[in-house]
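> this one's sequence-less:
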């Protein structure tokens, strides 16, 4: 993971006369490069195997936070069970967790979430604990090396 400060332009809400629509500021960015294969295990809500899940899973090109792009290297396929090295993102609570990993807080859609809530132009608010649910998970990685400009993690097996 590269840690950098970068100069960015953001819309200026109160521009000075003749200053232009953007203000200069500094932003902190973390760029992560994952070298390897990333597998996803999906289960439909009704435990059925619908025919619409495969093309929908093939359309996934973005995961996680801003700019978390992924690229499909093989078509999705149906399998029974989950591989042993997968990390469950929504474990039933309480479930024991690793103490030698990296804690992450992930967002999920709650049971009352609708497309109107997800629409950025809608006036419907997304409330934490109702439409937006957070999952605390521990990824099986540990800090290997770090400096002011990068952090290297390695998988804990």
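Looks like it came in fine. This is a predicted model, so every value here is computed, not measured.

> from here on, contacts and neighbour counts on C-alpha atoms
OK.

> Tell me which stretches of this protein form strands.
Per DSSP state E, the chain carries strands over the ranges 2-11, 22-31, 102-109, 132-139, 141-146, 151-155.

> Next, the buried residues of the third one.
Buried residues in strand 102-109, defined by neighbour count with 16 or more other C-alpha atoms under 10 Å: residue 109.

> between it and strand 132-139, how big is the angle?
150 degrees (axes from the mean of the first three to the mean of the last three C-alpha atoms, to 10 degrees).

> Give me the contact list for strand 102-109.
89, 131-142 (C-alpha atoms under 8 Å, 6 or more residues apart in numbering).

> mind giving me a markdown table with the residues you listed and columns for pLDDT?
Converted to a markdown table, those look like this (pLDDT from 0 to 100):
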| residue | pLDDT |
| --- | --- |
| 89 | 75 |
| 131 | 93 |
| 132 | 91 |
| 133 | 89 |
| 134 | 87 |
| 135 | 83 |
| 136 | 83 |
| 137 | 84 |
| 138 | 87 |
| 139 | 86 |
| 140 | 87 |
| 141 | 89 |
| 142 | 91 |
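
> Buried ones among the residues you listed?
89, 131, 132, 137, 138, 139, 140, 141.

> returning to that earlier point: greatest separation within the contacts of strand 102-109: which pair is it?
Taking C-alpha to C-alpha as the measure, those span a maximum distance of 31.9 Å, between 131 and 142.

> buried sites along the worst-scoring helix or strand of the chain on mean pLDDT?
Lowest by mean pLDDT, DSSP states H and E among the helices and strands of the chain is helix 53-58, with a mean of 79. Buried residues in helix 53-58, counted by 16+ other C-alpha under 10 Å: 53, 57.

> and for it, what are the contacting residues?
By C-alpha under 8 Å, 6+ apart, the list of residues contacting helix 53-58 reads 44, 72, 75, 76, 77.

> Where neighbours are concerned, which of these has the most?
residue 76 (16 neighbours; other C-alpha atoms under 10 Å).

> Please determine how far that one is located from residue 110.
Residue 76 sits 26 Å away from residue 110, going by C-alpha to C-alpha, to the nearest Å.
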